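1. quick one: sequence and predicted model below, then my questions.
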Amino acid sequence: MFNKDRWKEIIEVLTKNGFRTLLTAFGVFWGILILIILLAAGKGLENGIRADFDNIATNSMFIWTRSTTRAYKGLPKDRDFSFKLEDVDLLRQEFPQLRYISARNQLGGFRGSNNVVRGIRTGAYNVYGDYPEFIEQEPMSITRGRFINQNDIAEKRKVAILGAGVVRELYEPGETVLGTYVKIQGVNFLVVGTYKKRSSNGDGEEAQKQIFVPFTAFSQAFNRADRVGWMAITAHDGTSISSLKERIVDFLKEKHKVHPEDQRAIGYFDLFQEFSRVESLFAAMRFIAYFVGILVLLSGIIGVSNIMLIVVKERTREIGIRRALGEDPWSIRKQILMESLFLTLVSGMAGISLGALFIYGINALLEQNGPVDMFMSPSVSLGVVLAALGILTVSGLLAGFIPAQSAIRVRPIDALRAD
Amino acid sequence: MIQIKDLHKSYRMGSNSLHVLKGINFSVKEGELVAIMGSSGSGKSTLLNILGMLDVADSGEYILDGIPIKNLNETKAANYRNKFLGFIFQSFNLINYKTALENVALPLYYQGVGRKERQAKAMKYLEQVGLREWSHHVPSELSGGQKQRVAIARAMVAEPKVLLADELTGALDSKTSYEVMDLIQKINDQGNTILVVTHEDDIAHMCKRIVHLRDGVIVEDKEIEQVRASQYVQ
């Protein structure tokens, strides 16, 4: 393999018609470059979307009530009902596979009117009544103070955790936040913490403008008694929430005397299923990247094969001479295959290198200009590079195969006669 | 050295077949310098190709230095060609992107001889044909006579049992032809067996024996008084 004369000959043959070799090499170079860039772009999109999901426990569902659409057990249809706090405990007993069940309540909403006052400043924010474990389901970084704790729940303390966006609007820069009071719909809450959520998607602004207060204090202050607005349910890692959701819904229907066939009385959103859907989207993107990349590469490979056929044709006489001088047919086959492989690998590696450089450039640009929606650190793994090299090797050999066969089919006597 | 018995060869040309060799019998002893003569179509090139294992006979026997040559696959034929035979062609057939030295060293390369040894040996043979100074020139920088001498050195380098020359002076002017023939005679003087295919009378008479071929059979086979080429060379 590492035979000086053989390599010298390969270089001689390929440089003899340099421009043609360059054009041929460009086909392969281009193919692998596109493959690498497509894969990297797919990965960037994937990273961006994944970063959004990173904030949330994905094995989760949200469940809420609507009005019934069927009469059942003596109760009329169009009946409004709510989940109760006791439902949380019942669910915990019934489904040990569940990791967190957070009862939640909410004030305000999309384009709500101003509901929070501090001094002369007011703002419209989403105010949530929550349990301490909610932070495990939707992680946020506490920048000052603390999140809700069990004592807050037990003593119904009127405390609040403000989002960074709320702080920005209600306070002067540099003003002390902890220990101050904000008035939420006329009720004063002591600020004990602030948070910041990391998110790269479009509602990033909205996510920083939330206020969390203890669930029990919320219920008391805003007259919710033991009613629950909705529940965020997360299953343990071993069980998917999608496999449990039917049973959870049926259990709650039974408990609240809802007709078993009533599909609309209880609404839910299965985050895990959405996430799986996104996962299959990633898989599809990867498939498309490989498919398109390999097809482009294939046209490059065909170019190499074509040129090698021409090279063999041009060297018919030389091959005849070499066979007359006693060169083994295998040696000739090996020569052609190595030329093709060498050309493919060198141009492919150039493509990989430029692709890597391109990705590096994009990353530097992204870092400089801050995060972009749904796109984050495009990259190709070592595995992809190795796969690309594997594809190149196989295709180089394939490209050389037909020309090599035609080279050893050259009969010396015919080649020498061809004057 | 070479024994041939009842050699037949015909070519298929569409529906009719062309019987080129119609039972050739002859033998060559070691150290002979034989000219094979005949007009075109007499079968002399076909005979040379069969002797050179570039082509196979339909029937008959061919024994080279005691080894029967038959049923060869390509690999084996290549191996035999490399070890037993040296070829000299009318159109030189040097590889044009390799230097004279590399061209001469080729048969040794195919034998797997190491680089150093190969080059030393090739240089020795180049020197023998008087082209030491030209060893690093590519064929396009050499004259016809020089090219043919490189080709002769290449044919000699593997120390074959037989040299086969096909119209080796066909592309040369008469002065150069005589120089090349002088070289051939000197090589023959060292005891090498050489077969020369030619249609030129003067070249044939510089050999020691002339075999005349006509329409696929040997019509005449005689020993002759050798004309030394050196008398024409200053």
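-> Structure's in. What do you need? Numbers count the residues shown, from 1 in each chain, chains lettered A, B, ... in the order given.
2. got any ranges where chain B has weak pLDDT?
-> B:234 (pLDDT under 70).
3. show me which residues of it are close to chain A?
-> Counting by C-beta under 8 Å from any C-beta of the partner chain, chain B comes close to chain A at B:49, B:52, B:54-55, B:74-75, B:78-83, B:85, B:87, B:89, B:91, B:93-97, B:106-107, B:109-111, B:115, B:154, B:158. The way it works is simple: take the backbone N, C-alpha and C, and place the C-beta from them, glycine included.
4. can you say which of the residues you listed are buried?
-> B:49, B:52, B:54-55, B:78-82, B:85, B:87, B:89, B:91, B:93-95, B:97, B:106-107, B:109-110, B:154, B:158 (16 or more other C-beta atoms under 10 Å in any protein chain shown).
5. out of those residues, list just those in strands.
-> Under the assignment DSSP state E, these contribute B:85, B:87 to strands.
6. surely residue A:271 and residue A:58 touch.
-> Yes: using C-beta atoms under 8 Å, residue A:271 is in contact with residue A:58, at 5.8 Å.
7. the two: which has the busier surroundings?
-> The neighbour count for residue A:271 versus residue A:58, taken as other C-beta atoms under 10 Å in any protein chain shown, is higher for residue A:271 (22 against 19).
8. for the more buried one, what are its contacts?
-> Neighbouring residues of residue A:271 by C-beta atoms under 8 Å, 6 or more residues apart in numbering or on different chains: A:56, A:58, A:59, A:60, A:61, A:62, A:241.
9. and the closest residue in space to residue A:180 that isn't next to it in sequence, which helix or strand is it part of?
-> Excluding the flanking residues, the one nearest residue A:180 by C-beta to C-beta, 6 or more residues apart in numbering or on different chains is residue A:191, at 5.2 Å. Assignment of secondary structure by DSSP states H and E places residue A:191 within strand A:187-196.
10. hmm, who's touching that strand?
-> So strand A:187-196 is in contact with A:140-147, A:157-164, A:167, A:177-183, A:208, A:211-213, A:217, A:221-222, going by C-beta under 8 Å, 6+ apart.
11. all strands for chain A, in order.
-> Counting by DSSP E, the strands of chain A are A:60-65, A:83-84, A:98-107, A:116-118, A:121-123, A:126-130, A:141-145, A:159-163, A:181-184, A:187-196, A:210-214, A:227-228, A:230-235, A:266-270.
12. redo these as CSV? Include mean pLDDT and mean neighbour count.
-> Below are the strands of chain A laid out as CSV (pLDDT from 0 to 100; neighbours: other C-beta atoms under 10 Å in any protein chain shown):
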stretch, mean pLDDT, mean neighbour count
strand A:60-65, 91, 19
strand A:83-84, 91, 19
strand A:98-107, 90, 20
strand A:116-118, 90, 20
strand A:121-123, 90, 15
strand A:126-130, 92, 23
strand A:141-145, 90, 14
strand A:159-163, 93, 26
strand A:181-184, 93, 19
strand A:187-196, 93, 19
strand A:210-214, 93, 25
strand A:227-228, 90, 19
strand A:230-235, 91, 23
strand A:266-270, 91, 17
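13. in TSV, list these along with distance to residue B:223.
-> Listed next are those as TSV, based on distance: least, C-beta to C-beta, whole Å:
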stretch	distance to residue B:223
strand A:60-65	106
strand A:83-84	122
strand A:98-107	108
strand A:116-118	126
strand A:121-123	123
strand A:126-130	118
strand A:141-145	108
strand A:159-163	115
strand A:181-184	127
strand A:187-196	110
strand A:210-214	116
strand A:227-228	123
strand A:230-235	106
strand A:266-270	105
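14. ok, so what distance separates the residue nearest to residue A:180 from residue A:184?
-> Separation of residue A:191 from residue A:184 (C-beta to C-beta, to the nearest Å) stands at 11 Å.
15. hey, what's in contact with both of those two?
-> Contact criterion C-beta under 8 Å, 6+ apart; residues shared by residue A:191 and residue A:184: residue A:160.
16. for residue B:194, pull up the helix or strand it's in.
-> Counting by DSSP H and E, the element that carries residue B:194 is strand B:193-198.
17. still on that earlier bit, among the buried ones among the residues of chain B next to chain A, which lie within helices?
-> B:49, B:78, B:79, B:80, B:81, B:82, B:106, B:107, B:109, B:110, B:154 (DSSP state H).
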